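Asks: how does the following fold in three dimensions:
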Amino acid sequence: MLIRKWLRQAARLALAACLVLAGCGNDCSGSCGTAGGPINVRLEVDEYIEGLDKPWDIAWLPNGTLLLSERTGQLKVFVDGIGEPPSVIPIADVVARGEGGLMGLEVDPDFASNGFIYICTTSNAGGDNDVRLLRLTMSRPDGASVLERSDIVTGMPYSSGRHSGCRPRFGPDGFLWVGTGDAAIGTNPQDDASLGGKVLRIDRDGAAAPRNPSGFLWYSKGHRNVQGIAFRSDGIGVSAEHGPSIDDELNLLVLGNFGWDPVPGYNESVPMTDLAKFPDAVEAIWSSGSPTLALAGATFIEGEAWGNWNRALAVATLKAQHLHVYFVDPEGQVTGDERAIEDRGRLRSPRQGPDGLLYITNDGGSGDGKVLRVRPVPIAPSR
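Replies: Got it, this is the predicted structure:
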């Protein structure tokens with residue numbers, strides 16, 4: 001155990017070096033939980049965008065244009081702001097079934113010069129269904145149209161749509177990190193040749209990044225269904241992952257095997273991190289126990305306006321239907337957690353906008369989908 005603890009510490013330090021080199025409802029005030037200390041802001045929540053169909057992820061172009069993916073197959077580009085109808089860009093080969101469809105969305109940090117955005121989708125473009133990562137070249141500066149499409153990663157496994165992943169985020173090392181699902185196929189997470197149950201680390205063309213194991217596209221393996229990836233400005237990277245009936249996990253984005261191996265068949269009674277089978281498996285920095293929350297998207301909140309939530313990790317939950325906030329220290333350890341926004345149903349993806357506010361997609365379908373906007377409001381100190 002001491003050896004594993006030392007290895008985890010070493011892995012955290014190595015990741016930081018690599019990245020440098022390369023329950024409160026709408027009005028959260030006072031103390032909404034004890035683990036993170038008193039909160040000196042309250043939260044104002046409003047419905048920023050309505051009338052959506054299974055909104056999955058959001059992102060912004062450098063000029064402030066908001067992009068939104070709907071799992072049913074539409075990319076929406078709010079060229080003229082949210083007060084006007086968006087440009088709707090259908091992705092014709094999307095297979096919107098089960099948990100699959102049009103999913104995670106990311107804007108290239110160099111969009112102003114290359115026009116690239118990236119989006120995960122389940123697709124029938126190759127004949128057999130798979131999960132793939134698309135690189136779309138958009139018109140600049142507003143992204144109103146697609147000029148070119150490149151499928152930079154294909155062959156991520158697909159079965160019924162279950163455990164499709166798929167979340168792309170740029171790390172501070174300049175590479176794309178992509179969380180994938182195991183497609184509910186038991187051999188995928190430990191199969192080095194499979195892209196299922198992995199965290200990929202790739203360049204803009206979909207090639208393996210330097211220092212990936214043996215030149216694979218993946219950086220870590222042994223995952224079940226990675227739904228969230230987030231990086232903090234100090235280089236800490238964390239993934240959020242669905243467990244089976246026990247142990248949703250938060251994991252550091254470090255090299256290694258995270259120990260999910262649901263065989264024979266698809267045996268969901270095995271541990272999420274099987275230390276008996278894999279003694280050197282990387283252990284989670286937080287696990288839910290039972291019941292699970294169905295962790296989804298994640299983002300670090302940064303800015304003094306957020307009070308003691310500054311630098312905290314915000315994770316949406318689907319089954320538990322709230323925003324879960326984790327306090328993560330500089331070594332990547334969770335020191336406390338608490339709940340907020342418990343009255344808005346299933347939440348999918350939180351993301352901090354360019355204005356410093358928090359935006360959260362819910363999981364509503366058939367016009368009930370929304371983007372919530374969360375604003376911190378300072379509380380005057382009591383006299």
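
Asks: which residues touch R224?
Replies: The contact partners of R224, taken as Cβ atoms under 8 Å, 6 or more residues apart in numbering, are 163, 181-182, 189, 197, 241-244, 260, 262, 272. No exception for glycine: its C-beta is placed from N, CA and C like everyone else's.

Asks: just the ones of these in strands?
Replies: E241 (DSSP state E).

Asks: nearest to Y118 among the contacts of R224?
Replies: The closest of the contacts of R224 to Y118 turns out to be G181 (Cβ to Cβ; 17.1 Å).

Asks: hang on, the earlier thing: now the contacts of R224 in a markdown table, with pLDDT and neighbour count?
Replies: As requested, the contacts of R224 are exported to a markdown table (pLDDT from 0 to 100; neighbours: other Cβ atoms under 10 Å):
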| residue | pLDDT | neighbour count |
| --- | --- | --- |
| H163 | 97 | 29 |
| G181 | 98 | 33 |
| D182 | 98 | 29 |
| P189 | 98 | 26 |
| G197 | 98 | 33 |
| E241 | 98 | 26 |
| H242 | 95 | 24 |
| G243 | 95 | 25 |
| P244 | 96 | 18 |
| W260 | 98 | 28 |
| P262 | 98 | 24 |
| M272 | 98 | 27 |
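
Asks: just send the contacts of R224 back as CSV, with distance to D128 too.
Replies: Listed next are the contacts of R224 as CSV, based on distance: Cβ to Cβ, whole Å:
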residue, distance to D128
H163, 17
G181, 17
D182, 17
P189, 21
G197, 19
E241, 26
H242, 24
G243, 29
P244, 27
W260, 24
P262, 23
M272, 29
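
Asks: where do the helices sit along this protein?
Replies: 2-21, 111-114 (DSSP state H).

Asks: worst mean pLDDT among those?
Replies: When those are ranked by mean pLDDT, helix 2-21 comes last with a mean of 41.

Asks: between the contacts of R224, which sits nearest K319?
Replies: For the contacts of R224, the nearest to K319 is H242 (9.4 Å; Cβ to Cβ).

Asks: now do the nearest residue to the closest one once chain neighbours are set aside: how many residues are near it, please.
Replies: Spatially, and ignoring its direct neighbours in sequence, H242 is nearest to N225 (4.2 Å; Cβ to Cβ, 6 or more residues apart in numbering). Close neighbours of N225, defined as other Cβ atoms under 10 Å, add up to 28.

Asks: is N225 in contact with E241, as I believe?
Replies: Yes: between N225 and E241 there is a contact at 6.3 Å, judged by Cβ atoms under 8 Å.

Asks: show residues contacting stretch 359-367.
Replies: 48, 51-58, 68, 72, 297, 316, 318, 323, 341, 344-353, 368-374.

Asks: got it, and stretch 346-356?
Replies: Contacts for stretch 346-356 (Cβ under 8 Å, 6+ apart): 55-60, 64, 296-303, 305, 314-319, 321-323, 341, 358-364, 372.

Asks: could you give me the PyMOL syntax to select whichever of these are buried?
Replies: Typed into PyMOL, the line below selects the buried ones among the contacts of stretch 346-356, using 16 or more other Cβ atoms under 10 Å:
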select buried, resi 55+56+57+58+59+60+296+297+298+299+300+301+302+314+315+316+317+318+321+322+323+341+358+359+360+361+362+363+364+372
